[in-house]
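Undergrad: No letters, just coordinates:
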């Protein structure tokens, strides 16, 4: 037996065309509009878990296709592979929440704006928000992508072996400017990858 | 010790290797009063045995974890957890909350909700040891 719960949220896209090109803004603006007006959470019995995860993945992969031209093929392939890994039915618990489209739309907006050379390691919050993490040596940057273009982030930067930790929450359009004082190139650029801890 | 699912592990650039824990791994669920952990020293034996017994206790309490998979256990020292919280102006209380099948079950109380800086400090500074769930064998009947 399958039970459906449907939540409806108003779309609220905040992006500046002065930061992004008008065409990109138009395309990204379309992202999440469907999801935010008809976000569907499916509470199902055990045998419907795979179907639920498949549906969630299909929705976010379709969103990705809309901005595919801004992501290189390897980046996109790795993104899909990580998303699949996060939604592995073998590790899924009934109270887990698959990635929300509205969170994923915020993620895509951030990625198109930041254009990081280094791919983040991805995670998923209990509420279904995508999390992206970059690690360079002991320095860590973690961004959680919330619905309605909001991001919640925290960083640890070490100066002379002493950590400085800063956290914030804001519109995705302000993320680049807010991270600027902490030299985000150390996380986003390939040449900063040195010293990554062993897995 | 706290069980951390694959979704809440910090991964490398390729997303293949777990290299630590995301701050959200230590975030209180809205329905929880305290952060659920296991007190490793509760049982007898050497450290390896105690870790194994703690994992077995957690698996009994949450059978869905099973014996394989990609999840990990985060291990943190109680003193360090308290120290890290205190540095962030939070005085936590760690209480023993034994469950029927998991006698070492404990809780970290008074953790504020949504304090991402503190959660990051716990992930980076306090819970620094990682054990793979797949490295701990399944409990054989009559072992404990």
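TA: Great, that's in hand. All figures in this text were calculated on a predicted structure; none of them were measured in a lab.
Undergrad: C-alpha from now on. contacts and neighbour counts both.
TA: Will do.
Undergrad: Do a quick rundown of the helices in chain A.
TA: Taking DSSP state H as the test, the helices found in chain A are A:22-30, A:33-37, A:49-66, A:73-86, A:101-114, A:175-179, A:185-188.
Undergrad: Can you list the buried residues in the last one?
TA: The neighbour-count criterion (16 or more other C-alpha atoms under 10 Å in any protein chain shown) identifies A:186, A:187, A:188 as the buried residues of helix A:185-188.
Undergrad: leaving aside the residues next to it on the chain, what's closest to the last one?
TA: The spatial neighbour of residue A:188 that comes closest, neighbours along the chain excluded (C-alpha to C-alpha, 6 or more residues apart in numbering or on different chains), is residue A:116 at 4.7 Å.
Undergrad: sorry, back to before: any chance of the buried residues of helix A:185-188 in CSV with pLDDT as columns?
TA: Written out in CSV, the entries for those read as follows (pLDDT from 0 to 100):
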residue, pLDDT
A:186, 94
A:187, 96
A:188, 95
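Undergrad: got the residues of chain B near chain A?
TA: B:5-19, B:22, B:24, B:29, B:64-65, B:69-70, B:116-117, B:120-121 (C-alpha under 8 Å from any C-alpha of the partner chain).
Undergrad: Filter these down to the buried ones, ChimeraX style.
TA: Buried members of the residues of chain B next to chain A can be picked out in ChimeraX with the line below, counting by 16+ other C-alpha under 10 Å:
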select /B:5,6,7,8,9,10,11,12,13,14,15,16,18,19,22,24,65,69,70,116,117,120,121
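Undergrad: Just the ones of the residues of chain B next to chain A in strands?
TA: The subset of these located in strands under the criterion DSSP state E comprises B:9, B:10, B:11, B:18, B:19.
Undergrad: OK, contacts around the first one?
TA: Read that as residue B:9. Contact partners of residue B:9, counting by C-alpha atoms under 8 Å, 6 or more residues apart in numbering or on different chains, are A:123, B:18, B:19, B:20, B:21, B:22, B:25, B:71, B:72.
Undergrad: again, only using 7 Å
TA: The contact partners of residue B:9, by C-alpha atoms under 7 Å, 6 or more residues apart in numbering or on different chains, come to A:123, B:18, B:20, B:21, B:22.
Undergrad: Setting aside sequence neighbours, what's the nearest residue to the third one?
TA: What sits nearest to residue B:20 in space, not counting adjacent residues and going by C-alpha to C-alpha, 6+ apart, is residue B:10, at 4.8 Å.
Undergrad: how far away is that neighbour from residue B:97?
TA: With distances defined as C-alpha to C-alpha, to the nearest Å, the gap from residue B:10 to residue B:97 amounts to 28 Å.
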